[in-house]
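*Asks:* A structural model of the following input is requested.
(2 chains)
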Amino acid sequence: MTTVGILQIAIFLGLILLCTKPLGSFMARVFDGERTFLHPVLRWLETLTYKVAGVKEDVEQKWTHYAASLLSFSIFGFVILYALQRLQGVLPLNPQGFGAAQVSPDQAFNVATSFVTNTNWQWYAGEATMSYFVQMAGLAVQNFASAAAGMAVAIALVRGFARQEKKTIGNFWVDTTRATIYVLLPISILGALFFVSQGVVQNLVPYTEATTVEGAKQVIAQGPVASQEAIKQLGTNGGGFFNANSAHPFENPTPLSNLFAMLLIFLIPAALTHTFGKMVGDTRQGWAIFAAMAVMFLIGVFVCYGFEQSGNPNLAKLGLQTNATAGQSGGNMEGKEVRFGIANSALFATVTTDASCGAVNSMHDSYTPIGGLVPIFNMMTGEVIFGGVGAGLYGILLYCILAVFIAGLMVGRTPEYLGKKIEQKEVKMAMLAVIATAFSILFFTALSSVIPFPEKGYWNPPGAAINNLNNSGAHGFSEILYAYTSGTANNGSAFAGITVNTPWYDLTIGLAMWIGRFLFLIPLLAAAGNLVAKKRVAATAGTFPTHGPLFVGLLVGTVFIVGALTFIPALSLGPIVEHYLMHAGNTF
Amino acid sequence: MPTAIAPRTTQPQASGDDLTSLLPKKLAHARPLFDPSIVARATKASFAKLNPVTLLKNPVMFVVEAGAALTTVFLIRDMATGAGDIGFQVQISLWLWFTVLFANFAEAMAEARGKAQADALRKTKTDVIAKRLTSAGTLEQVAGSSLRMGDVVVCDAGDLIPGDGEVIEGIATVDESVITGESAPVIRESGGDRSAVTGGTKVLSDQIRIKITSNPGETFLDRMIALVEGAERQKTPNEVALNILIAGLTLIFLLAVVTLQPFAIFSVAQAGSGTTPTVAVLVSLLVCLIPTTIGGLLSAIGIAGMDRVMQHNVLAMSGKAVEAAGDVNSLLLDKTGTITLGNRQAVEFLPVNGVTSELLADAAQLSSLADETPEGRSVVVLAKEKYGLRGRHIPEHEATFIPFTAYTRMSGVDFEGRQLRKGSTDAIAKFVTERGGEVPGNFQEMSDRIARAGGTPLGVADGSRLLGVIHLKDVVKGGMKERIGQLRRMGIRSIMITGDNPLTAAAIAAEAGVDDFLAQATPKDKLEYIRKEQAEGRLVAMTGDGTNDAPALAQADVGLAMNTGTAAAKEAGNMVDLDSNPTKLIEVVAIGKQLLITRGALTTFSIANDVAKYFAIIPAMFMVTYPALAKLNIMGLHTSRSAVLSAVIFNALIIIALVPLALRGVKYRPLDAASLLRRNLLVYGIGGLVAPFPGIWVIDQLLVALRLA
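*Replies:* Numbering: from 1, shown residues only, chains lettered A, B, ... in the order given. Take a look at the predicted model:
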């Protein structure tokens, strides 16, 4: 690791820390319905939205109603997005003339699911598949909608802790509207302008045909990129306009745009910890969660960076220079952009999987085994290291419930978190969420490891599901594991190295995304509905303190142990064994 | 008659900061943990509990049993075909069965201890012949078991009381050692708060008439037997939640192991070497990963917790109540008997102007000679100790003793023409002025000073002459302040309840160090105080004995009724203290906490153990397919067979090794939550992470040395 590299990581975390309090307090006011400095400018839009949609602003919902609203919102979004893709040929803003041929039904299902669930898993190359209209009216809209829905769920769960002896946990429509209008929209507009300043394109022109110096013809894709780029990062969506995602110079042209993109990813998730603290009336609680996340972030990023900077020992054995020198970066540069280097690639890979973003600026498939283990591990533990917008907070609160329940007994009281007793219902719901995600990752990976298909058949033309792999052995296994983990965790980043646009993978990864999103957040909403009705127990010296370093350590331990124990067998047959094999001179 | 329940003759004294001293280290009459007859009984029961239908209640152990059955089936198949590694499979199967048996044994041990107590109790339930009063007013002999609610029976000295009831006529001494283990007889009389009698206890003197208050099979003794036997045991809310957690974890690990086979098929095919894990190995991994330690010990912990409460001679009506005791935030303690010794004592004589101390002491002593109350005795003793005044004998025919009445509020003696009186200050002042005397100026001032200091002033007069004041003081029990300090550190507020005036109450409250007090408390005040605390999110515990305590006892989250109390009080509370010692409430809280800590500690330990087991089994499984994974064999286990076996054996043995801990409960210290958590996390979290490494290593060494693997 280089000093400059470490410094850049430190600066990044420092900037996030700076933004957390102001944005967190702002969001607490927004979701509590208080006036903010943006109200004079944007309140009319909010009231107009309610008027048009027929939403009663001050009518709150029980958890069942809240969950039903969320589901109907998502299903509606799914249907629209599916239709837009299949009908893109007859819709406007389609200079390249893409049609239904580019998006088969199974593929359209996969993409619609992907964007509605905030996953943004992409089997396709955007510039060769989707019209400008689909990109803007379909994908970018869902980038806003799915992010706002995630925030709404997190806030609803927080209300479960913050309120007492109530029945309702807020109004889904109001929360989603406020998240969009006061948080996502203003920051996205500023973000898009900043990206344009860095050279990200924003136009609706047909692709440019250029003649290269050698005289070859090259088609250069264009499009409304900057506007999509901002929300792609801010909403932790990660679905790139182009196939190369944030490695593409039109999406992420400069080191500064790269830093800015990463800041956008962590911005809301980090600030939400403070929002949480504000709403439950004890900001220390929020900072404790922030600290736990920061610790896990630093562990992840330095493991990843460390192994990437060390590079492949086999190359060093061949006499290649793998140490960083003044003239070159050293380490493992395969699949990384030279304008970002190792530190900013490892940082980006960690950030994008800590959060459920999934944008990539380098090829995770080309990482060293342990460097690649970090992103998989981040996703397996449920993306709670800052995490997705909203999803990170409700995910970590699930771990708080588990940590408090398991270890909290050791203070000699029935467990409580923020004064709320953690009882049967909460534990049941938390376990349901954990089981659902573990099931989705392990079951689909197992299935794809062994399932045979006839060659050139409908389900998987290459034949057996493992024929889609580019690599054999342990690395091939990691490719399957990564795909289902990314889908289930609603991350959407691709390890790549696996051909996933066959009906089999489209369907199973699509299912994984549905399970990972809704079988995770609906149980948590149920828990919120139960918690909100409870009385707050008074805090005394006998109460398990959940704001100190001890709790931070406990929370980190719970995430690592409870979150990871399930996946150790799978990981040991993937990246872990690959690591040892690499050191023994075997690569795939 | 042998006492059925471990009797307690001495009260544990608090000392230092080790609250386990509140829980007596070794009860004089408590059974040893591994009483041979109990162990024999438990061993037998362990096998009976293998029945899968009963085991279904414990999902973790059910999965282990299913795994054991599966490996046994495969073992038999391999024995028939001659394929596979028979020796290895035999050992794995055996240890898996042992794992289930060990868990069964833990539960059976806890139950057997209760059953042994129940048996002893049942022996006392011999059917007695009752003398029932007929409507005609004659007595008829009927079997005690045929008595119904409302029947009236007569008991003479030497009779066993045939059923629970209330004394409606007469007064008698009763031997209640069957229930309380306390051999000193107690007085039971009609009316008031000492009217309740319990079936099976014995009348020692006099005759009483008893109105039966319970139907056959519903008596206190019946309920007690059912409780200690665990027949009515229901899982407590926290236990249910914990069961959900460990069942969920079991499901997750089942998923991890089941999917491992396809992963292995893929890996073996890709590597072109090795074999996929056998059923025995997969089941071993599963059993090692699922939380068998806590799964096996969970119900034993609950039963043993109830048992510990029982050993303190407290009868908890449900496990829920014990759990709630651990959660208590506020403790309502009656001043008299709990915080202070039952009686006030004279500590000082304060003469008014112009009277010598000796004169006052002499008059005070004379007026108290016939006063048999502890307060009266203490006046005599103080006069003797301080002024050398021996207690004199006053011939009865020369004196008239005036007893205390609630109306006059004074007592004394008319003797040699003197009218010596002592009593409440205003009563004495009135007595003096009525006889033409005067109340000296500093009398009121001295009285107020005593009251402010938490004492009770008693005026002393000789006819029309007011002599001075006796300072009666409430004596706070030794060690009480420390215990209350410990409670505060545990995050529990103690509130003193007293009928005293606020001034007196405040002084004693300050001396005892309680956090709050409720002066001149009526039962209604108590009830309101509890409601107020609960509204603020606190859990409240209290003790009570009188009928008018019943509503408050019922309202409190933990209501500890005194056995000497009325039936209504016992009915309203969720625990009964057979020793009728209100200080026990503090011990009950400690036991409740200990119960919860034990659960949490073993759960944490169980989960933390998994890390080491992965390091043993994963490399063993795939050493042939991926020899590079041998790097993960950081314990340096000999072979894949020995590695898997060691992990399984460790997993089984740790259950049996922790049985004593589960039954006794982990050591509890009265610390604040953060220190407790730090401590327990270190011991059971980090300990659980580290301990299996050397454990598995040693077993591996032994297995190889014994040529078992």
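*Asks:* would you mark the buried spots in stretch A:306-318?
*Replies:* Neighbour-count burial for stretch A:306-318 flags A:G306, A:F307, A:E308, A:Q309, A:S310, A:G311, A:N312 (criterion: 16 or more other CB atoms under 10 Å in any protein chain shown). Quick note: C-beta positions are derived from backbone N, CA and C, even for glycine.
*Asks:* ditto for stretch B:145-162
*Replies:* B:L147, B:D151, B:V152, B:V153, B:V154, B:C155, B:D159, B:L160, B:I161, B:P162.
*Asks:* show me the helices in the stretch 401-550 of chain A, by range?
*Replies:* A:424-450, A:473-488, A:503-532, A:549-565 (DSSP state H, counting those that start in this stretch).
*Asks:* of those helices, which is nearest chain B?
*Replies:* Chain B lies closest to helix A:424-450 among the helices of the stretch 401-550 of chain A, at 3.2 Å (CB to the nearest CB).
*Asks:* give me the distance from that closest one to the chain's centre.
*Replies:* Averaging C-alpha coordinates over helix A:424-450 and over its chain gives two centres that are 18 Å apart (CA atoms, centre = their mean, to the nearest Å).
*Asks:* quick one on the thing from earlier: possible to save the buried residues of stretch A:306-318 as CSV with distance to chain B?
*Replies:* As requested, those are arranged in CSV below (distance: CB to the nearest CB, whole Å):
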residue, distance to chain B
A:G306, 18
A:F307, 16
A:E308, 21
A:Q309, 22
A:S310, 17
A:G311, 19
A:N312, 15
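*Asks:* now go through the residues you listed and say which are in helices.
*Replies:* Among the buried residues of stretch A:306-318, the members falling in helices (DSSP state H) are A:G306, A:F307, A:E308, A:Q309, A:S310.
*Asks:* would you format the buried residues of stretch A:306-318 as JSON lines with pLDDT included?
*Replies:* Converted to JSON lines, those look like this (pLDDT from 0 to 100):
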{"residue": "A:G306", "pLDDT": "95"}
{"residue": "A:F307", "pLDDT": "95"}
{"residue": "A:E308", "pLDDT": "95"}
{"residue": "A:Q309", "pLDDT": "94"}
{"residue": "A:S310", "pLDDT": "92"}
{"residue": "A:G311", "pLDDT": "90"}
{"residue": "A:N312", "pLDDT": "90"}
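*Asks:* residues contacting the residue nearest to B:L681 when sequence neighbours are not counted?
*Replies:* With CB to CB, 6 or more residues apart in numbering or on different chains as the measure, A:A407 is the residue that lies nearest to B:L681, at 6.3 Å, once sequence neighbours are left out. Contacts for A:A407 were tallied using CB atoms under 8 Å, 6 or more residues apart in numbering or on different chains; they are A:F544, A:L554, A:T558, B:G600, B:T604, B:L677, B:N680, B:L681, B:G685.
*Asks:* neighbour-wise, which one of these leads?
*Replies:* When neighbours are taken as other CB atoms under 10 Å in any protein chain shown, the top entry among these is B:G600 (30 neighbours).
*Asks:* just give me the neighbour total for the spatially closest residue to it that is not a sequence neighbour.
*Replies:* Counting by CB to CB, 6+ apart, A:L409 is the residue found nearest to B:G600 once chain neighbours are left out, at 2.6 Å. One way to gauge burial is a neighbour count; for A:L409, by other CB under 10 Å, it gives 30.
*Asks:* next up, the contacts around A:L409.
*Replies:* Counted by CB under 8 Å, 6+ apart, A:L409 has contacts A:P415, B:N238, B:L242, B:L596, B:I597, B:R599, B:G600, B:A601, B:T603.
*Asks:* measure the closest residue to A:F241 other than its chain neighbours to A:P249 for me?
*Replies:* The shortest distance from A:F241 to any residue that is not its chain neighbour, by CB to CB, 6+ apart, is 4.7 Å, and that residue is A:V225. In this structure, A:V225 lies at 11 Å from A:P249, with CB to CB, to the nearest Å as the measure.
*Asks:* same thing with A:N171?
*Replies:* Distance of A:N171 to A:P249, computed by CB to CB: 43 Å.
*Asks:* more neighbours: those two, which one.
*Replies:* Taking A:N171 and A:P249 together and counting by other CB under 10 Å, A:N171 has the greater number of neighbours (24 against 15).
*Asks:* so who does the more buried one touch?
*Replies:* The contact partners of A:N171, taken as CB under 8 Å, 6+ apart, are A:V55, A:K56, A:E57, A:V59, A:E60, A:Q61, A:Y66.
*Asks:* phi and psi next, for the residue nearest to the fourth one when sequence neighbours are not counted.
*Replies:* This points to A:V59. Nearest residue to A:V59 in three dimensions, chain neighbours excluded: A:N171, at 6.3 Å (CB to CB, 6+ apart). As for A:N171, its main-chain torsions (degrees, to the nearest 10) stand at phi -120, psi 120.
*Asks:* now the strands: where do they sit in the stretch 251-400 of chain B?
*Replies:* Across the stretch 251-400 of chain B, reading from the start of the chain, the strands by DSSP state E, counting those that start in this stretch fall at B:314-316, B:330-334, B:340-351, B:399-402.
*Asks:* need these in TSV with distance to B:R493 and mean neighbour count, can you?
*Replies:* Shown next, in TSV, are the strands of the stretch 251-400 of chain B (distance: least, CB to CB, whole Å; neighbours: other CB atoms under 10 Å in any protein chain shown):
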stretch	distance to B:R493	mean neighbour count
strand B:314-316	22	25
strand B:330-334	5	26
strand B:340-351	19	19
strand B:399-402	44	16
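*Asks:* just tell me which of those ends up closest to B:G454.
*Replies:* With distances scored as CB to CB, the stretch of those nearest to B:G454 is strand B:340-351 (9.5 Å).
*Asks:* ok, residues contacting that closest one?
*Replies:* Under the contact criterion CB under 8 Å, 6+ apart, strand B:340-351 has outside partners B:336, B:357, B:359-361, B:364, B:373-375, B:378-379, B:381-383, B:386, B:446, B:450, B:455-456, B:458, B:467-477, B:508, B:512.
*Asks:* from the chain's centroid, how far away is it?
*Replies:* Shown here is strand B:340-351, whose average C-alpha point lies 33 Å from the average C-alpha point of the whole chain (CA atoms, centre = their mean).
*Asks:* stretch B:604-621 too?
*Replies:* Going by CA atoms, centre = their mean, the spacing between the C-alpha centre of stretch B:604-621 and its chain's C-alpha centre is 37 Å.
*Asks:* show me how far whatever helix or strand A:A346 lives in is from its chain's centre.
*Replies:* Following DSSP states H and E, the helix or strand that holds A:A346 is helix A:341-354. If you compare the mean C-alpha spot of helix A:341-354 with that of the full chain, they lie 13 Å apart, counting by CA atoms, centre = their mean.
*Asks:* check stretch B:589-597 too.
*Replies:* 9 Å.
*Asks:* do stretch A:462-476 as well
*Replies:* In terms of CA atoms, centre = their mean, the centre of stretch A:462-476 is set 26 Å apart from its chain centre.
*Asks:* ditto for stretch A:74-94
*Replies:* Relative to the chain's own centre, stretch A:74-94 is displaced by 23 Å; criterion: CA atoms, centre = their mean.
*Asks:* other residues contacting it?
*Replies:* A:97-100, A:102-103, A:105, A:108-109, A:111-113, A:115-117, A:130-134, A:136-139, A:141-142, A:145-146, A:149, A:204, A:517-518.
*Asks:* narrow the residues you listed to those in strands?
*Replies:* Among the contacts of stretch A:74-94, none falls in strands (DSSP state E).
*Asks:* near chain B, which of the residues you listed show up?
*Replies:* When the contacts of stretch A:74-94 are filtered against chain B using CB under 8 Å from any CB of the partner chain, no residues are retained.
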